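Student: Mind folding the following:
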Amino acid sequence: MVFAVGESIGFSAKVSNTYYVIACPLDGIDFAKLTLICCNHVARSFYLSPFQQAVTPLRTYPLQSKASSRRGRRGFGLGHPTSKKVSYPPIHLDEVDDDDHDINSQIFPLHDDLEQQLNTHHDHSTVSHNNSNNNNINAGARVSEFLSNIPKVLSPPPLISSTQEWRKLQRHAQTIKSTHLRDLLQDPIRCDAMFAEHDGVYFDYSRQQVTLETMDLLFDLAEKQELTKRIQAMVNGEKINFTEDRAVLHTALRASKDKIGTVFVDDEDAIKEVHEVLDQIKQFTEAFRSGHITGYTGKRMRNIVSVGIGGSYLGPEFLHEVLKTEEEGISSSLGYSLRFLANVDPVDVERTCADLDPEETLIIIVSKTFTTAETMLNARTMRQWLWDFMGDDIDVVRKHVVACSSVSATANVKAFGVDTENYFFRFWDWVGGRYSVCGAAGAVPISLLYGFDLFEKFLEGARSMDEHFINAPMRQNIPILMGLLGVWNSSFMGYNSRALIPYAQALLRLPAHIQQLDMESNGKRISRHGIEIDYPVGEVDFGEPGTNSQHSFFQLIHQGQTIPVDFLGFVQSQHDILIDGEKLSSHDELMSNFFAQPDALANGKTADEVRAEGCAEELILHKVFDGNRPSSSLLFPQLSAYVTGQILSLYEHRTAVQGFIWDLNSFDQWGVELGKKLAIDVKDHLTKARYDPKQQPVVIPDAPATSRILNYYVKNGREATDNGTGMSVNPLTSVTRKTYREHIPPPIHDLGGNVGKLS
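Tutor: Just a heads-up that it's a prediction; the model follows:
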């Protein structure tokens with residue numbers, strides 16, 4: 001209900017049997033702004049408003065005493081409509097200055113029995129108010145505008161599954177499920193319409209279980225969800241990651257310099273900062289590769305170990321595997337090596353360091369906060385490895401360790417011993433780890449090994465696909481098409497898995513990267529409006545290069561569960577072979593499978609076709625392929641740094657599109673936190689067990705099953721060794737027990753390890 005009193009405007013709303021009232025001065029107010037602000041104030045009392053991040057709270061005052069309430073407050077013109085004594089707890093909101101208007105806002109609950117009096121008060125006051133002054137001539141229209149927005153925030157928006165567009169797709173899916181792909185593929189008009197191209201990328205989705213009508217309905221759904229608007233909000237730096245109050249700007253990491261001054265986050269020029277860091281990385285890596293930067297003992301460094309986990313590891317490693325066999329990458333990396341240390345398993349350290357010379361090794365520590373448990377334990381291990389060979393000198397760390405981290409973690413980086421003036425490369429909270437390969441996390445290790453120029457080509461490819469994603473119409477937009485098809489297969493066709501099959505061995509780590517990218521982004525159960533969703537989201541992503549995958553899990557894909565597949569192929573190989581006596585090259589042999597598998601999945605093989613081959617009757621059913629299994633095909637010119645950037649950007653944006661359609665926040669990852677917290681608790685119990693002289697059983701409150709298996713682990717892991725404490729523990733080995741020198745570790749020095757000079 002909206003009412004006017006004197007110079008004020010207000011409204012009341014009933015929520016959970018409590019009435020809320022907002023009153024604000026009318027004169028000179030921007031009603032569009034006032035509507036959102038007032039509604040937001042009410043809404044935030046009982047649920048997370050979608051406007052919370054976008055609306056600046058106004059100055060708020062607690063309700064005055066009963067007497068002053070009856071008199072009313074000057075400027076508000078709104079008094080309490082009854083003399084009944086009621087307690088009104090104030091709702092405290094942030095106080096900020098508003099440059100345009102001096103607005104005072106007030107919220108207080110009314111008892112149910114006040115509704116009629118408030119209505120009466122409204123009717124009387126509106127008449128007198130309409131004659132007040134010229135400013136209020138259009139008050140009726142402005143009040144209507146005010147009122148029209150109230151329902152948008154007084155209750156959470158409905159789930160997308162309740163919309164007409166979603167229900168049409170649900171009904172349409174029943175029709176599609178009774179249609180076979182082998183029939184759809186006979187329609188030339190349909191097939192010719194289902195492809196898109198951009199900058200050498202050819203996308204064919206004719207083998208998806210869709211018709212032209214299906215695509216129209218999916219585009220209607222995208223319009224309903226304001227997909228284009230959400231994409232623009234992302235690339236313009238709006239804080240769409242509202243649970244962490246962060247922008248989402250991985251696209252800024254590869255934006256060109258001519259875009260400087262176009263995207264700001266908290267008044268900082270994001271693209272300018274990106275290029276400052278890229279220039280710093282270029283200067284550092286060129287000095288490293290030219291030999292101007294040397295190690296602690298004066299030796300030239302040739303080995304690079306990148307320590308990180310999750311997105312700090314998977315993205316850079318996938319890119320590294322591509323460039324290892326790329327023509328320019330082969331020549332530019334001669335004489336250097338790059339390894340990744342991710343797993344906290346000590347075996348990973350052993351495998352990484354076994355044949356490296358510490359004096360010729362540079363360690364890169366990649367951690368946004370510089371507190372990630374696994375990464376920092378591995379970082380301390382690598383630091384000790386350096387110390388064990390070169391002594392416990394602070395300059396060992398300053399010469400052999402660089403950090404890629406957030407500016408907010410500078411103190412942690414410095415405390416570790418890193419030279420923060422020259423060996424510290426920053427990134428920002430507005431880039432999540434799984435989207436960070438285009439930033440310092442990928443730029444530093446890749447540029448050290450292959451040179452900055454090759455990394456820059458990777459950025460250019462990603463930028464090309466970014467521009468296509470931002471500017472191309474939806475019906476020709478490859479990432480949008482892929483995202484909509486993902487929504488269709490998961491939410492309407494009921495397929496909960498998806499396979500990625502690159503017909504290029506150099507992309508062997510792409511599926512693992514996309515697995516994290518997609519499953520960490522869209523593996524959610526709560527919508528961005530704080531409502532538990534009632535529709536399937538988030539596929540299980542997996543994959544392996546073809547043709548290896550065909551001899552691994554394609555049995556299931558062809559005759560088991562229906563799993564949509566993305567096939568990635570290349571017109572030219574990085575390295576082709578044609579041996580004597582063969583009519584086709586090895587790459588043509590590979591690509592014949594790329595073209596055959598989608599048709600085999602789509603068309604299948606009928607019982608009549610099997611019988612016509614002379615198969616024994618009792619075996620026919622075993623050899624029948626149902627077909628009707630969807631797939632898409634992506635064809636690229638040749639796997640290069642540029643094309644790899646296109647592939648990365650393509651899949652990043654596919655993930656974002658699906659999240660936008662599903663109403664998810666695809667840019668947080670709270671699901672990884674609980675297990676990490678419990679692991680800290682278990683570590684405390686394990687520490688007590690390891691160093692308990694009485695070796696008492698571990699007892700974890702309310703966790704008898706965990707206590708039992710943990711005690712089994714401790715008991716069976718004890719060895720009859722004495723480490724000088726009188727307690728039996730697992731045998732420990734030196735980090736350096738195997739090295740390139742193949743001799744025993746250096747004599748123990750007296751500098752105190754990590755409590756020596758550095759402390």
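Student: Work out the gap between the helix or strand in which Met465 is found and the centre of the chain.
Tutor: Following DSSP states H and E, one finds Met465 within helix 452-471. Relative to its parent chain, helix 452-471 has a centroid offset of 19 Å by C-alpha atoms, centre = their mean, to the nearest Å.
Student: Using PDB, write out every CA atom in the helix or strand just after it.
Tutor: Using DSSP H and E, the helix or strand that follows helix 452-471 in sequence is helix 478-487. The C-alpha trace of helix 478-487 is given here as PDB (Å, rounded to 0.1, in the frame of the first residue of the first chain):
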ATOM      1  CA  ILE A 478      29.600 -20.000 -30.700                       C
ATOM      2  CA  PRO A 479      30.000 -19.800 -26.900                       C
ATOM      3  CA  ILE A 480      26.300 -18.900 -26.500                       C
ATOM      4  CA  LEU A 481      25.200 -21.700 -28.700                       C
ATOM      5  CA  MET A 482      27.400 -24.200 -26.800                       C
ATOM      6  CA  GLY A 483      26.000 -22.800 -23.500                       C
ATOM      7  CA  LEU A 484      22.400 -23.100 -24.500                       C
ATOM      8  CA  LEU A 485      22.900 -26.600 -25.800                       C
ATOM      9  CA  GLY A 486      24.500 -27.500 -22.400                       C
ATOM     10  CA  VAL A 487      21.400 -26.200 -20.600                       C
END
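Student: residues making contact with helix 478-487?
Tutor: Contact with helix 478-487 is made by 196, 198, 201, 203, 205, 208, 210, 215, 218-219, 221-222, 227, 465, 468-469, 472, 474-475, 498, 539, 564, 566, 632, 649-650, 653-658, 660-662, as judged by C-beta atoms under 8 Å, 6 or more residues apart in numbering. C-beta coordinates here come from the backbone N, C-alpha and C atoms, glycine included.
Student: Inside helices: which ones of the residues you listed?
Tutor: Residues of these located in helices (DSSP state H): 215, 218-219, 221-222, 227, 465, 468-469, 649-650, 653-658, 660-662.
Student: got the contact list for Val274?
Tutor: Contact analysis of Val274 by C-beta under 8 Å, 6+ apart lists 252-253, 255, 439.
Student: Apply 6 Å and report the result again.
Tutor: Residues near Val274 by C-beta atoms under 6 Å, 6 or more residues apart in numbering: 252-253.
Student: Just want the angle from the helix or strand containing it to helix 452-471.
Tutor: Secondary structure from DSSP H and E places Val274 in helix 270-290. Relative orientation of helix 270-290 versus helix 452-471 (axes from the mean of the first three to the mean of the last three C-alpha atoms, to 10 degrees): 160 degrees.
Student: Which is the succeeding secondary structure element to helix 270-290?
Tutor: Next along the chain after helix 270-290, taking DSSP H and E as the criterion, comes strand 303-307.
Student: now whichever helix or strand comes after that next one: how far from the chain's centre is it?
Tutor: Next along the chain after strand 303-307, taking DSSP H and E as the criterion, comes helix 311-323. Centroid displacement of helix 311-323 relative to its chain, using C-alpha atoms, centre = their mean, is 16 Å.
Student: what pLDDT does Arg690 get?
Tutor: Looking at Arg690, its pLDDT reads 84.
Student: How many residues are close by it?
Tutor: For Arg690, the neighbour count with other C-beta atoms under 10 Å is 16.
Student: cool, and the one 4 residues further on?
Tutor: Lys694 has 5 neighbours, counted by other C-beta under 10 Å.
Student: sec struct for Ser521, please.
Tutor: helix (DSSP: H, G, I helix; E, B strand; the rest coil).
Student: right, and it touches Thr655 too?
Tutor: Yes. Using C-beta atoms under 6 Å, Ser521 is in contact with Thr655, at 4.9 Å.
Student: Please say which of those two ends up with more neighbours.
Tutor: Using other C-beta under 10 Å as the criterion, Ser521 and Thr655 rank with Thr655 on top: 26 against 23.
Student: State whether the more buried one and Asp518 are indeed in contact, as I suppose.
Tutor: Yes. Taking contacts as C-beta under 6 Å, Thr655 lies within contact range of Asp518: 5.0 Å.
Student: per-residue confidence at Pro701?
Tutor: pLDDT recorded at Pro701 is 88.
Student: Report the separation between the residue nearest to Thr297 when sequence neighbours are not counted and Glu286.
Tutor: Nearest in space to Thr297, with sequence neighbours left out and distances taken as C-beta to C-beta, 6 or more residues apart in numbering, is Glu359 at 4.9 Å. Separation of Glu359 from Glu286 (C-beta to C-beta, to the nearest Å) stands at 22 Å.
Student: Then Asp357?
Tutor: Distance of Asp357 to Glu286, given as C-beta to C-beta: 23 Å.
Student: What of Ala196?
Tutor: Applying C-beta to C-beta to Ala196 and Glu286 gives a distance of 39 Å.
Student: From the neighbour counts alone, determine which of those two ranks first.
Tutor: Between Ala196 and Glu286, counted using other C-beta under 10 Å, the more crowded position is Ala196 (19 against 16).
Student: partners of the more buried one in the sheet?
Tutor: Judged by DSSP bridges, the bridge partners of Ala196 are Phe203.
Student: quick one: it and Gln597, what's the gap?
Tutor: Here Ala196 is placed at a distance of 21 Å from Gln597 (C-beta to C-beta).
Student: List the residues that contact Ser206.
Tutor: By C-beta under 6 Å, 6+ apart, the contact list for Ser206 reads 191, 194.
Student: Backbone dihedrals for it, please?
Tutor: phi -70, psi -20 (degrees, to the nearest 10).
Student: Ok, Pro564 next?
Tutor: phi -60, psi 140.
Student: Over to Asn665?
Tutor: Per-residue torsions, Asn665: phi -90, psi 100 (degrees, to the nearest 10).
Student: quick revisit: separate out the buried members of the contacts of helix 478-487.
Tutor: Neighbour counting over these (16 or more other C-beta atoms under 10 Å) leaves 196, 198, 201, 203, 205, 208, 210, 215, 218-219, 221-222, 227, 465, 468-469, 472, 474, 498, 539, 564, 566, 632, 649-650, 653-658, 660-662 as the buried ones.
Student: What is the burial count for the nearest residue to Trp670 once chain neighbours are set aside?
Tutor: Nearest non-adjacent residue to Trp670, counting by C-beta to C-beta, 6+ apart: Thr243, 7.2 Å away. Neighbourhood size, Thr243 [other C-beta under 10 Å]: 15.
Student: tally of neighbours for Ala409?
Tutor: Residues near Ala409, counting by other C-beta under 10 Å, number 19.
Student: what's near enough to touch Ala287?
Tutor: Ala287 sits next to Ile293 when contact means C-beta under 6 Å, 6+ apart.
Student: Kindly provide the distance from it to Phe424.
Tutor: To Phe424, Ala287 is 15 Å away according to C-beta to C-beta.
Student: next one: Arg690
Tutor: Separation of Arg690 from Phe424 (C-beta to C-beta) stands at 36 Å.
Student: Also Gln515?
Tutor: As judged by C-beta to C-beta, Gln515 and Phe424 stand 30 Å apart.
Student: So what's the residue count around the residue nearest to Lys299 when sequence neighbours are not counted?
Tutor: Excluding its sequence neighbours, the residue lying closest to Lys299 (C-beta to C-beta, 6+ apart) is Glu359, at 4.8 Å. Using other C-beta under 10 Å, Glu359 has 20 neighbouring residues.
Student: Using CSV, write out every CA atom in stretch 663-674.
Tutor: What follows is stretch 663-674, C-alpha atoms only, in CSV (Å, rounded to 0.1, in the frame of the first residue of the first chain):
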residue,chain,number,x,y,z
ASP,A,663,20.5,-18.1,-12.4
LEU,A,664,23.7,-19.3,-10.6
ASN,A,665,26.7,-17.4,-9.3
SER,A,666,29.3,-19.2,-11.4
PHE,A,667,32.2,-17.3,-9.9
ASP,A,668,32.4,-18.4,-6.2
GLN,A,669,33.3,-21.9,-4.9
TRP,A,670,32.0,-22.3,-1.3
GLY,A,671,31.7,-26.0,-1.8
VAL,A,672,35.5,-26.5,-1.4
GLU,A,673,35.6,-24.9,2.0
LEU,A,674,34.0,-27.5,4.3
